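Engineer: attaching a predicted model along with its sequence, questions to come.
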Amino acid sequence: MNSANIYGMCFKTRKTTIGLVAMEKVCIVYDGKTIVNFTTKHGLANDTTRQIQEDKFGNIFISTFGGINKFDGKTFTTLQPIKSKEWKLEPNDLWFYILGKKNEGAYRYDGKNLYNLEFPKHYLHDEIYPRVVNSFFSPYEVYSIYKDRKGAIWFGTSVFGACRFDGETVKWMYEDDLTYVPNGGTFGIRSIFEDKEGSFWFCNTWHKYIFDFEKTSKKRQASISKN
């Protein structure tokens, strides 16, 4: 296997099974004895995988380009999403994203149902959307999901910046340099991280930001060097 094809992450379950999420037809599971490369032949919705998560019962959930699968240790089941505008935040929720122009929005699994949640209209929608309407990805496409210390869920999107859901409201945050690269095109927000000081770091930026959503303002802190 070419290591350059590996995308994203390794995942360790409660039973010490380790999965590797990859871009090109690779979803490897190792149980300490054997290695299995799961594909659509085993029941995956698509061979291109992006996320692996585990619920409190030990079920494994795999997000693919073709949908989200639940694996109970024996069988893969493809979850059928329910379109919804009703945002909720529960302690045991699992959050997913599915890339592809027809899969915009976030996906929330509450232990019973999978909900495809529609984002509220971005305040720059009418200005930005016409520029990317023919893009392969929707500007509302989710590239990354992060849960902060307070339990709020952050979403990094392909074009519209980041937004945060704190259990009550969904709020957008946008800056050109969080999305557009110097030589043109959009990179999107591929990762979000909160440091010990409570500042949030966003992939594809050269700066650290502190956001005050109550005042809808931000403070740019010390710049960092480009790697």
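Structural biologist: Noted; the coordinates are in hand. Residues are numbered from 1 along each chain as shown.

Engineer: in this structure, which residue is closest to the centre?
Structural biologist: Ser144 (3.0 Å; CA atoms, centre = their mean).

Engineer: can you tell me the distance between the two ends of stretch 75-83?
Structural biologist: Its start and end residues considered, stretch 75-83 measures 25 Å (CA to CA, to the nearest Å).

Engineer: then stretch 178-198?
Structural biologist: End-to-end for stretch 178-198, by CA to CA: 19 Å.

Engineer: same check, this time on stretch 62-79
Structural biologist: One end of stretch 62-79 to the other measures 10 Å (CA to CA).

Engineer: other residues contacting stretch 162-171?
Structural biologist: 87-89, 119-120, 148, 150-157, 172-174, 178, 189, 192, 202, 213, 216 (CB atoms under 8 Å, 6 or more residues apart in numbering). From N, CA and C alone the C-beta is placed, and that goes for glycine too.

Engineer: again, only using 7 Å
Structural biologist: Contacting residues not belonging to stretch 162-171 are listed as 87, 89, 119-120, 152-156, 172-173, 189, 192, 202, 213 [CB atoms under 7 Å, 6 or more residues apart in numbering].

Engineer: out of these, which end up buried?
Structural biologist: Among the contacts of stretch 162-171, the ones that count as buried by 16 or more other CB atoms under 10 Å are 87, 119, 152-156, 172-173, 189, 192, 202.

Engineer: could I get the residues you listed as JSON lines with pLDDT?
Structural biologist: Putting these into JSON lines (pLDDT from 0 to 100) gives the following:
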{"residue": "Trp87", "pLDDT": "96"}
{"residue": "Phe119", "pLDDT": "93"}
{"residue": "Ala152", "pLDDT": "95"}
{"residue": "Ile153", "pLDDT": "97"}
{"residue": "Trp154", "pLDDT": "95"}
{"residue": "Phe155", "pLDDT": "95"}
{"residue": "Gly156", "pLDDT": "91"}
{"residue": "Trp172", "pLDDT": "91"}
{"residue": "Met173", "pLDDT": "87"}
{"residue": "Ile189", "pLDDT": "85"}
{"residue": "Ile192", "pLDDT": "90"}
{"residue": "Phe202", "pLDDT": "83"}
